[in-house]
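Colleague: Attaching a predicted model along with its sequence, questions to come.
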Amino acid sequence: MEGGRGGGRGRGRGRGGGRGYSPTATATATAKAIWVPRAPQSQSQSPPTVDHPAPAPATAVSVTITPTSPPHQSPSLPPPHANHSQQQPPHHSPNPAPSPSPSPSPSPSPSPSPHVFDICSLKTSNTVVLKPPLHFKNRQLRKQRQQQLNNNNLPDGSILRPGMVHLKSYLSLPDQVNIVNTCRHLGLGVGGFYQPAFRDGAHMNLHMMCLGKIWDPDRSCYAETRLTDGAKAPPFPPDFLHLVHNAIRDSHALIKHHCNTDAPQKLLPPLSPDIVVVNFYTRSGRLGLHQDKHESDESLRKGLPVVSFSIGEAADFLYGDDGDVDKAQKVVLESGDVLIFGGKSRTVFHGVSTIHGGTAPELLLQETKLRPGRLNLTFRQY
Ligand SMILES: O=C(O)CCC(=O)C(=O)O
Ligand SMILES: [Fe+2]
């Protein structure tokens, strides 16, 4: 990604909103009694710049009552922590926090370092949570499958520009849960989430973690280690590869259908990703218009795409020919959406202007305890 050259300083210079974005609107959700959303987080749990409006809205169904329990997670995940990084310093401490213990021992557990950013808020409380009944879950899954394969087995999606494809509701709920859990686990360890800062003291308005290679926003290049704390990137997670490949395959089907071509791979070349940039946006998070253009010359020359997964709250994603926000087009990316830009759109300017609070799927929140905000993964081939 390019935060500096080409007029795209928006990515990095996110101080207070970067390139002319108005402050993020805070949506207030009204819950219609039902199964209760998670306990609202107290202000003291929030980083200084983060809004914590009302909890996500819930959906009306008949319910059974169960006590609050930790989310479903793989046994290797660390146990719930009560502490989150709240006073996020500009830089990681020189001694990165140790990886969370792989042992699933229940409690008491060591709290993560205060410098670690936990994308889930797993603090248990006395709140009674009403869980959705199984038939509701199944209906959701059926609906999702149908959405994925309507229209002659084509995925639900559209072509925004040549080489730029938006797949709607593409990632299943279990896949989203798995991605959140994996990112949480990696994000708590060495090289995990941090808030990138610049030499001049400005911060990006998001938390980032790079897998495979480190993206260094200050130097606008990839590096082996992170400047702030010397951490190496956690390895690229091979578990996600099939999702990326499937998304490209299904985008090809869509391109073939809509663009009347037998060679969709010429418009959108396939990639073998080896880097993921994972961003977590709180509700006030954003990312100025920028280009992703520090992958290898060959990768860029071939137009190997960037594949982006959105999970959690919806976001306004802007894109255009240059860094001018007023001329940019907008698409709303919701949880489970996949956006791909390659070929002629490989270096399209893009950014995130708004996170829509309260829009994350309730089931996802129940399963993961994802914080209010949005998780985004962009896969790239160096
Ligand atoms: O969050 C998004 O949708 C975009 C992220 C992005 O552009 C980047 O990480 O370079
Ligand atoms: Fe980008």
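Modeller: Thanks, I have it. Ligands and ions are numbered 1, 2, ... in the order given.

Colleague: Please make it C-alpha for all contacts and neighbour counts, starting now.
Modeller: Fine.

Colleague: how far away is Val332 from Pro269?
Modeller: 24 Å (C-alpha to C-alpha, to the nearest Å).

Colleague: Likewise for Phe240?
Modeller: Counting by C-alpha to C-alpha - Phe240 and Pro269 are separated by 19 Å.

Colleague: What of Ala223?
Modeller: Taking C-alpha to C-alpha, one finds Ala223 at 25 Å from Pro269.

Colleague: Give me the more crowded residue out of those two.
Modeller: Pro269 (17 against 14; other C-alpha atoms under 10 Å).

Colleague: any low-confidence regions in the stretch 151-300 of the chain?
Modeller: 151 (pLDDT under 70).

Colleague: Spell out which parts of it neighbour ligand 2.
Modeller: Asp292 (C-alpha under 5 Å from the ion).

Colleague: which stretches of the stretch 151-300 of the chain form strands?
Modeller: Using DSSP state E, counting those that start in this stretch, the strands of the stretch 151-300 of the chain run over 157-161, 164-167, 207-211, 214-216, 221-223, 275-281, 287-290.

Colleague: residues in contact with the longest one?
Modeller: Contacts to strand 275-281, defined as C-alpha atoms under 8 Å, 6 or more residues apart in numbering, come from residues 119, 183, 205-213, 215, 236, 355, 373-382.

Colleague: Could I get the phi/psi values of Lys168?
Modeller: phi -80, psi 140 (degrees, to the nearest 10).

Colleague: change the start of the numbering to 504 and stick with it
Modeller: Renumbered: residue one is now 504, and that last one reads Lys671.

Colleague: Need the pLDDT of the residue lying closest to it once chain neighbours are set aside.
Modeller: Spatially, and ignoring its direct neighbours in sequence, Lys671 is nearest to Asp840 (4.7 Å; C-alpha to C-alpha, 6 or more residues apart in numbering). With respect to pLDDT, Asp840 scores 98.

Colleague: what does Ser610 give?
Modeller: Value listed for Ser610 in the pLDDT field: 35.

Colleague: Same question for the one 4 residues further on.
Modeller: We have a pLDDT of 44 for Ser614.

Colleague: ok, now the one 10 residues further on?
Modeller: Here the pLDDT value assigned to Ser624 is 93.

Colleague: which residues touch Ile622?
Modeller: 687, 690, 783, 873-874.

Colleague: if we go to 10 Å?
Modeller: Counting by C-alpha atoms under 10 Å, 6 or more residues apart in numbering, Ile622 makes contact with 587-588, 683-684, 686-688, 690-691, 696, 710, 783-785, 871-878.

Colleague: and those, which are buried?
Modeller: Neighbour counting by 16 or more other C-alpha atoms under 10 Å classes 587-588, 683-684, 686-688, 690-691, 696, 710, 783-785, 871-878 among the contacts of Ile622 as buried.

Colleague: picking up where we left off before, from what I can see the residue nearest to Lys671 touches Phe812, true?
Modeller: Yes - using C-alpha atoms under 10 Å, Asp840 is in contact with Phe812, at 6.2 Å.

Colleague: okay if I get the strands of the stretch 654-803 of the chain as CSV plus distance to ligand 1?
Modeller: Listed next are those as CSV, based on distance: least, C-alpha to the nearest ligand atom, whole Å:
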stretch, distance to ligand 1
strand 660-664, 15
strand 667-670, 12
strand 710-714, 8
strand 717-719, 9
strand 724-726, 12
strand 778-784, 6
strand 790-793, 7
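
Colleague: Out of those strands, which is the most enclosed?
Modeller: strand 790-793 (a mean of 29; mean count of other C-alpha atoms under 10 Å).

Colleague: tally of neighbours for whichever residue of the stretch 754-885 of the chain sits closest to ligand 2?
Modeller: Distances between the stretch 754-885 of the chain and ligand 2 by C-alpha to the ion are smallest at Asp795, namely 4.8 Å. For Asp795, the neighbour count with other C-alpha under 10 Å is 19.

Colleague: and this protein, which residues reach ligand 1?
Modeller: Counting by C-alpha under 6 Å from any ligand atom, the residues of the chain close to ligand 1 are 504, 780, 795, 854-855, 879, 881.

Colleague: now these in CSV, with secondary structure?
Modeller: Below are these laid out as CSV (DSSP: H, G, I helix; E, B strand; the rest coil):
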residue, secondary structure
Met504, coil
Val780, strand
Asp795, coil
Gly854, strand
Val855, strand
Asn879, strand
Thr881, strand
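
Colleague: of those residues, the lowest pLDDT goes to which?
Modeller: Among those, Met504 has the weakest pLDDT, 55.

Colleague: Quick check: Pro720 vs Met667, distance?
Modeller: 24 Å.

Colleague: go on, Asp765?
Modeller: Counting by C-alpha to C-alpha, the separation of Asp765 from Met667 is 17 Å.

Colleague: Right, I'll leave it there.
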